[in-house]
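Undergrad: next input, structure requested:
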Amino acid sequence: MHRLSGALLMVWWSCAPPVEAPPDAGVEPPRLRARAATFNTLRFFDTVCDTGACAAGDYEAQPTQERFDARAAQLANAIDGFGADLVSLQEVETQACLDALQVRLQRAMPHAVLGELGTPASVDVAIFSRTSLESVITHRAQTPLTRPDGTTTSFSRELLEVHTLVEGRRVILFAAHFRSKVNDDAGRRLAEAQATRRLVLAAAEAHPGALVLLGGDLNDTPGSAPLEALEEGGRLVRAAADLPVDEQVTWASGTLREAIDHLYQAVDDAVAPVPRSARSWKEGARGFAGSDHFALTAEWEFEP
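TA: Residues are numbered from 1 along each chain as shown. Here you go, the predicted model:
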């Protein structure tokens, strides 16, 4: 009897299924990432001459329809290639230019908005998004600026703000294009930076846990007064700051190589930059996709 019981016990143990750990035990689920880009297209003009001065060498270049279509296709291919959730563009002239890009990006980035100034041959900011835009806010008219000398001015272009959701997580992007150094007005560029910092941080405080970004051609380099103003207090962090200096370059002319296009994030415990994810997109030694600027992308990661 005891021998039979022992035999039955051995059979029972041999037939019992092995105890296995759950397949995800000890494995942290993948974290959600968002990618953003900024790119100065270099005077993407439509086929209409608004200034009356569109000859060779004039500021407003008036392309033929064929040339305009080719340029739109070139830029759309570049934007699609970023693989971004949101893209800040600079130097887009009119809604016709935006429409030409949007029809070519219907599958990849179907949502877009232009920060139109409405002046002849204006080079405006725009934003493209993979997901629908929950809200669009403009700041130029409502935000007077004060230079260090006390004189008043305004943003050089629209400061455009959009809100969207990426996989259920809020992302806010500000698109900017600060005053250039051609016939320089350094005080205006500093005032733009100071006001932009206040607006970006206000959005971050109103939406804790959101990824709040600033992207654009800020026309100044790390260590300059405008960028120091943005970074005051350490609450805005520049995406490419962890790259070697040469890999941060976004514009080159002759021997001059500078980082003047930037992506910034408002610091938040719920979302962090992916280390060394920033990338400067270039073709050869100068420019990208027909522009004299390189594009810049970077990624951020949400906490579970």
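
Undergrad: so where do the helices sit in this protein?
TA: Taking DSSP state H as the test, the helices found in the chain are 2-15, 65-81, 95-104, 186-206, 225-231.

Undergrad: for the ones you listed, which has the smallest mean pLDDT value?
TA: Per-segment mean pLDDT for the helices of the chain reaches its minimum on helix 2-15, at a mean of 43.

Undergrad: residue contacts, L117?
TA: For L117, the contact set (C-beta atoms under 8 Å, 6 or more residues apart in numbering) comprises 124, 140, 157-158. For every residue, glycine as well, the C-beta is placed using N, CA and C.

Undergrad: what about the closest residue to P275 other than its chain neighbours, distance to A270?
TA: Excluding the flanking residues, the one nearest P275 by C-beta to C-beta, 6 or more residues apart in numbering is D242, at 6.0 Å. Remark: distance between D242 and A270 (C-beta to C-beta, to the nearest Å) = 20 Å.

Undergrad: just G216 next, same as before
TA: To A270, G216 is 24 Å away according to C-beta to C-beta.

Undergrad: okay, the two: which has more neighbours?
TA: Neighbour count, other C-beta atoms under 10 Å: between G216 and A270, G216 has more, with 28 against 13.

Undergrad: skipping adjacent residues, who's closest to that one in space?
TA: Leaving out its chain neighbours, the residue that sits closest to G216 by C-beta to C-beta, 6+ apart is A176, at 3.6 Å.

Undergrad: and if you look at A210?
TA: Distances taken as C-beta to C-beta, 6+ apart put R170 closest to A210, at 3.9 Å, once the chain neighbours are dropped.

Undergrad: so what's the one you found up against?
TA: 163-164, 207, 209-211.

Undergrad: is it in a bridge, and if so with what?
TA: Assessed by DSSP bridges, R170 has beta-bridge partners L165.

Undergrad: what of the one 5 residues further on?
TA: Beta-bridge pairing of A175 under DSSP bridges involves L160, G215.

Undergrad: thought it was touching S129?
TA: No - contact criterion C-beta atoms under 8 Å: A175 and S129 do not qualify, at 11.0 Å.

Undergrad: if I look at the residue positioned nearest the centre of the chain, what pLDDT would I see?
TA: Taking C-alpha atoms, centre = their mean, the centroid of the chain lies closest to A37, which sits 3.5 Å from it. With respect to pLDDT, A37 has a value of 98.

Undergrad: do you know how far it is from I172?
TA: From A37 to I172 the distance is 15 Å (C-beta to C-beta).

Undergrad: quick one: low-confidence ranges for the protein?
TA: Low-confidence segments of the chain (pLDDT under 70): 1-29.
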